[in-house]
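Engineer: model the structure of this input:
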Amino acid sequence: MSSLPATSGLISVLGFGYDNNKKDHRVVKISYSRFDNNKGFNPLVEVYSVWERIWKTIPADYLADNSISSVSFSHCFLNGVIHWLAFETGPFNYVAKWVLLFNVVEETFQKMELPEAIVKMLTTCTGTPDLFEYKTKLSLLHCEDFECHMSTFAKCQIWVKEEEESCWCMILNITVDDDHYLLSQVAYLDKDGKLFGFYRKSDRVMVLYDVSKRQFIELGFHYSYDASSKFASFTDSLVLLDQDTTDLTKMMHSKCTSTHLQLEMN
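Structural biologist: Now for the predicted structure:
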């Protein structure tokens, strides 16, 4: 596989998607200046095709004065579109105000404004927002840690994008009780509404929160601190990146597809 293009002095954000028309996995790399005063400068946007095994640069005029939220760099691939949280470039302006969309098939960008209620929440609260797929819909998870009377609590909100334009609904707003602790930096929401990232304080057993049942469920293992820990989904699939393109023909047109891609970065 080709190496990622060199982007010295830039902050790079990756997105992974799948072109269902061409049966091709794609990697999208967006690179920004490390400085806050880069307003007016377009980022560098490059797309890698696993099928063609090449990087290509695409126009980024639409992204002028916009940056991906560097708090989490999270993204969500849904219905052929990669989604990132984004904000307007400028000094001390790091609050996400919209979702940046990249259509993998058309290779075009769009912008979706977040409702005022979500922007206000992100402005006034600490914590890391993340985008996930929840029951085939785009969702935003926001977790906030806080202390009260020598105890650590956490609040979690889940917002879901409805079919109507600019319509988001809050489906969960809980304050985690004093018996559990939320690892906000590793929190993860799966497609079925299972919220991961909690452990029980008494014995440090990891638990998940079932959004539909409104209850905690044990996972059967204990929490051990690791700054690099992160929950993620797993798709049983395979893409061999070290084979010739001709050897990939049957595989790329088979029924086996994946939304996950393992990169070899040289």
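Engineer: which other helices and strands does the longest helix along the chain contact?
Structural biologist: With secondary structure taken from DSSP state H, the chain has its longest helix at helix 116-124. If you count contacts as 3 or more C-beta pairs under 8 Å, 6 or more residues apart in numbering; DSSP states H and E, helix 116-124 packs onto strand 137-148, strand 168-176. To be clear about C-beta, it is placed using only N, CA and C from the backbone, and glycine gets the same treatment.
Engineer: distance to Ala117 and mean neighbour count added to those strands, as CSV?
Structural biologist: Listed next are the helices and strands packed on helix 116-124 as CSV, based on distance: least, C-beta to C-beta, whole Å; neighbours: other C-beta atoms under 10 Å:
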stretch, distance to Ala117, mean neighbour count
strand 137-148, 11, 19
strand 168-176, 8, 15
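Engineer: any idea which of these scores lowest on pLDDT?
Structural biologist: Among these, strand 137-148 has the lowest mean pLDDT, at a mean of 80.
Engineer: what's the average pLDDT for the helix or strand that that one is followed by?
Structural biologist: Using DSSP states H and E, the helix or strand that follows strand 137-148 in sequence is strand 151-161. Average pLDDT, strand 151-161: 79.
Engineer: same thing with stretch 47-65?
Structural biologist: 85.
Engineer: pull out the buried residues from that stretch.
Structural biologist: Within stretch 47-65, the residues that count as buried by 16 or more other C-beta atoms under 10 Å are Val47, Tyr48, Ser49, Val50, Ala60, Leu63.
Engineer: among the residues you listed, which pair sits farthest apart?
Structural biologist: Val50 and Leu63 (23.6 Å; C-beta to C-beta).
Engineer: before we move on, the earlier item: what angle sits between the longest helix of the chain and strand 168-176?
Structural biologist: 40 degrees (axes from the mean of the first three to the mean of the last three C-alpha atoms, to 10 degrees).
Engineer: what comes up buried for helix 116-124?
Structural biologist: Ile118, Val119, Met121, Leu122.
Engineer: from the residues you listed, which single one is nearest Asp177?
Structural biologist: For the buried residues of helix 116-124, the nearest to Asp177 is Met121 (21.3 Å; C-beta to C-beta).
Engineer: still on that earlier bit, list of residues touching the longest helix of the chain?
Structural biologist: Residues outside helix 116-124 that contact it (C-beta atoms under 8 Å, 6 or more residues apart in numbering): Val95, Ala96, Lys97, Leu114, Pro129, Leu140, His142, Gln157, Trp159, Trp168, Met170.
Engineer: any chance of those in CSV, plus distance to Pro43?
Structural biologist: Output for the contacts of helix 116-124, formatted as CSV (distance: C-beta to C-beta, whole Å):
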residue, distance to Pro43
Val95, 19
Ala96, 16
Lys97, 17
Leu114, 20
Pro129, 21
Leu140, 23
His142, 25
Gln157, 30
Trp159, 27
Trp168, 26
Met170, 32
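Engineer: so where's the stretch 1-150 of the chain shaky on pLDDT?
Structural biologist: 1-9, 33-41, 64-67, 69-73, 88-94, 145-150 (pLDDT under 70).
Engineer: where along it do the strands fall?
Structural biologist: Along the stretch 1-150 of the chain, counting by DSSP state E, counting those that start in this stretch, strands occupy 10-19, 24-33, 44-49, 54-57, 66-68, 75-78, 81-88, 98-103, 108-113, 128-134, 137-148.
Engineer: just name the most buried of those strands.
Structural biologist: Of the strands of the stretch 1-150 of the chain, the one with the most neighbours on average (mean count of other C-beta atoms under 10 Å) is strand 66-68, at a mean of 24.
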